[in-house]
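Participant: Sharing a sequence plus its predicted fold:
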Protein chains: 2
Amino acid sequence: MNVTGHTKRQASIRDVATAAGVSYQTVSRVINGHPSVRPSTRERVQAAIEELGFRRNATALALASGRTRTVTVLTANTTHYGYASILQGIEESARAASYAVGIGVLESADDAAVAAEVQRATDAGGGIVVIAYDPAGVRALGAVPAGVPVVGVVETPASPPGGESPWVWTDDREAAYQATRHLLSLGHETVHYVAIPSSTRRTSARTAGWRQALKEAGAPEPRPAQGGWGPAGGHAAALKLARDPSVTAILCGNDDLALGVLRALHESGRSVPGEVSVAGFDDAPHSAFLTPSLTTVRLDFTGLGRAAFALLHGALEESAPVAPHPVSEPELVVRESSGPPPTRA
Amino acid sequence: MNVTGHTKRQASIRDVATAAGVSYQTVSRVINGHPSVRPSTRERVQAAIEELGFRRNATALALASGRTRTVTVLTANTTHYGYASILQGIEESARAASYAVGIGVLESADDAAVAAEVQRATDAGGGIVVIAYDPAGVRALGAVPAGVPVVGVVETPASPPGGESPWVWTDDREAAYQATRHLLSLGHETVHYVAIPSSTRRTSARTAGWRQALKEAGAPEPRPAQGGWGPAGGHAAALKLARDPSVTAILCGNDDLALGVLRALHESGRSVPGEVSVAGFDDAPHSAFLTPSLTTVRLDFTGLGRAAFALLHGALEESAPVAPHPVSEPELVVRESSGPPPTRA
DNA sequence: GATCCACGGGTGACCGATCACAATTCTCGG
DNA sequence: CCGAGAATTGTGATCGGTCACCCGTGGATC
């Protein structure tokens, strides 16, 4: 409500035209920076725009032109560190490019539910970014109708069947490889792995990297433990591992899992890193402050989000900057939670 | 691209009309469940809709009717636990009500930047939820033009100057009061406070609750330390506090701060809870798994988000369910990080 | 002085829905 | 069997923009 008690309607292009004494089309030209408008006319129109507080109606623009300048992010989660950071990266770039950002949460991996969310995202017009780190996301990525611009943030690229695929990813395999090598280089016989759920039935890139490092070192390969996404899963998995005295090094699928693992080891009376070394994955903000602070692999999730948007932007607009993807390489961050294995008594 | 190589245009209301042999208006009636349509006609139209895969164009709907079914969340942050959980709550309810969710991040508290974000949110039509836990949010809440439906998630309600204000909040004062009392009841002489930044220049509700508990107990009131939002701030603040042997209990403005505090105490060689007790705020998911696990006050952020949406929904639609706000009361969660003060030697 | 063309600017249709109202049917009492 | 009123259905305008195309100037060219 304004002072007069009723909300005054937003000025339209025609209102501006009347005020400036020109046709609505001329106003449109001024708005869009069309060259063939006499400077004096342009100024008159601009003054009228200013005075009436005109703002181009986004809805009408979308309907008339088909362009929406919207990106919808489809994700199974908005609170986990990796997901949230990707979203943040997308939002940053989107804002810089004057795109609106929508989110749709895939609460269930159920086909119907996923299809419904994809529909809603499609209805919004514009482009879609799907975070496909889990079955729901993977399914959503597959359910996007042909013709809709979409970029997938994937765990690992499926074999590109020819051209460039609209996907971005981090080198999880390399990251897991590095972390595992680090632990092995400290002298551990082998490294156990508490896994996050895989997005598909296939072996995840993280698991593959871990396995590769073990193989190269000729270390025995224990069966990975399934930990879920959160600390509770890591906790449960590690309670079992803690009973086995031969376990001296544990790699975790993410830092939350590692948190639960640390807790479980503490409860089991096994010291870290004295008796058991632990490494995480992602370098979440809290990991540096844990006691012991967590050795982990830093992944550039915000950069990944920015890259995803850049790719989408390019698909949506000819004139979009074709920046390369400046996603940083995974970087091993060694902290207190890893060290040499206990010397045998 | 579909198999034929070109994207077939989405069927419009008129395509359906032609297919069903009726006018476009009748199709509109069927879509909107208008009663006066003969059952046989309705069926014919429905069949055509099915066959052509018709979906009502959201943009056109918005333009023609003015209704947008959109909620834009304005927030300074999307990754911190509280913010992210509120967003999650809003999204959940919005999805249930078939609303689209947009987000706008207030990266700077700069007036111009805030105004720009508010403009974008306004342009989206629909309603706005502003998370006003910080200066940027507070400023944004104030900058929303009159007439635009908006709900603020505020730290503490300003004196309601009459009617109901479109605000939701948690009882932070009570929560801080409870946590402080808990620590005092364990025998601590007083409780130090590491604060999160206040959204305004006024004393925050958390600070007020802490102060009230101290006053009631006749305990000395130390000056609050400023900690910022993240663990780094808590760490820095606690390094100083750790030097003072009289400090035996520390309340933190949130769990991230507490994490940094725990770390700093550890580095300073002061045991928790043996020498110093620590309590957090929010009950973030990782707090239960820290070592020592963190005593904290659980706040119902998702419930808060749901309440915010419910309020907005009510303002946007007559027919919206007028559910009360089922935001749970703050609940003290006692864990390992708090205990009696050390007995003086 | 007639022709051409670039420039500046205007008109009408259209995007895909809704809304207000008119027109056509149907139903039923008198 | 007719007319009134209710039930159905259709037509035209509108939301606020863009797009395609047309028209009127004026100076340069021949």
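Facilitator: In hand now; what should we look at?

Participant: A:Ala60: helix or strand, and which one exactly?
Facilitator: helix A:58-65 (DSSP states H and E).

Participant: how big is the angle separating whichever helix or strand comes after that helix from helix A:58-65?
Facilitator: Moving toward the C-terminus from helix A:58-65, the first helix or strand encountered (DSSP H and E) is strand A:70-75. An angle of 100 degrees separates the directions of strand A:70-75 and helix A:58-65 when computed by axes from the mean of the first three to the mean of the last three Cα atoms, to 10 degrees.

Participant: Report how many residues lie close to whatever residue of the stretch 51-200 of chain A ends up closest to chain B.
Facilitator: Ranking the residues of the stretch 51-200 of chain A by distance to chain B (Cβ to the nearest Cβ) places A:Gly147 first, at 3.4 Å. Yep, even glycine has a C-beta here, placed from its N, CA and C like the rest. Burial measure for A:Gly147: 14 neighbouring residues, criterion other Cβ atoms under 10 Å in any protein chain shown.

Participant: Next, it: secondary structure please.
Facilitator: Applying DSSP: H, G, I helix; E, B strand; the rest coil to A:Gly147 yields a three-state assignment of coil.

Participant: any idea of the pLDDT on it?
Facilitator: With respect to pLDDT, A:Gly147 has a value of 87.

Participant: which element is the residue most central in space within chain A on?
Facilitator: Among the residues of chain A, A:Ile86 comes closest to the average C-alpha position under Cα atoms, centre = their mean, at 2.7 Å. Using DSSP H and E, the element containing A:Ile86 is helix A:81-96.

Participant: Next, the angle from that helix to strand A:70-75.
Facilitator: Counting by the same axes, to 10 degrees, helix A:81-96 points 180 degrees away from the direction of strand A:70-75.

Participant: Name all residues that make contact with the spatially closest residue to A:Thr122 that is not a sequence neighbour.
Facilitator: For A:Thr122, the nearest residue in space outside its immediate sequence neighbours is A:Val148; the separation is 5.5 Å by Cβ to Cβ, 6 or more residues apart in numbering or on different chains. Each residue near A:Val148 by Cβ atoms under 8 Å, 6 or more residues apart in numbering or on different chains is listed here: A:122, A:127-128.

Participant: ok, and the most crowded of those residues?
Facilitator: Counting neighbours by other Cβ under 10 Å, the top entry in these is A:Gly127, with 27 neighbours.

Participant: check contacts around it.
Facilitator: For A:Gly127, the residues meeting the contact criterion (Cβ under 8 Å, 6+ apart) are A:70-72, A:148-151, A:312-313, A:315-316.

Participant: Recalculate using a threshold of 10 Å.
Facilitator: Residues touching A:Gly127, when contacts are defined by Cβ atoms under 10 Å, 6 or more residues apart in numbering or on different chains, comprise A:68-73, A:94, A:99, A:121, A:148-151, A:166, A:308-309, A:311-313, A:315-317.

Participant: Repeat that for A:Ala158.
Facilitator: Contacts of A:Ala158 were listed using Cβ under 10 Å, 6+ apart, and they are A:138, A:152, A:165, A:167, A:200, A:202.

Participant: separation between it and A:Gly147?
Facilitator: Distance check for A:Ala158 against A:Gly147: by Cβ to Cβ, to the nearest Å, it reads 20 Å.

Participant: and what of A:Arg243?
Facilitator: 55 Å.

Participant: likewise A:Tyr177?
Facilitator: When Cβ to Cβ is the yardstick, A:Tyr177 and A:Gly147 sit 38 Å from each other.

Participant: Likewise for A:Thr59?
Facilitator: To A:Gly147, A:Thr59 is 22 Å away according to Cβ to Cβ.

Participant: now do A:Leu290
Facilitator: Counting by Cβ to Cβ, the gap between A:Leu290 and A:Gly147 amounts to 47 Å.

Participant: Return the subset of the contacts of A:Val148 lying in helices.
Facilitator: Judged by DSSP state H, the contacts of A:Val148 include A:Thr122 as members of helices.

Participant: between the contacts of A:Val148, which is closest to A:Val272?
Facilitator: The shortest gap between A:Val272 and any of these belongs to A:Ile128, at 42.0 Å (Cβ to Cβ).
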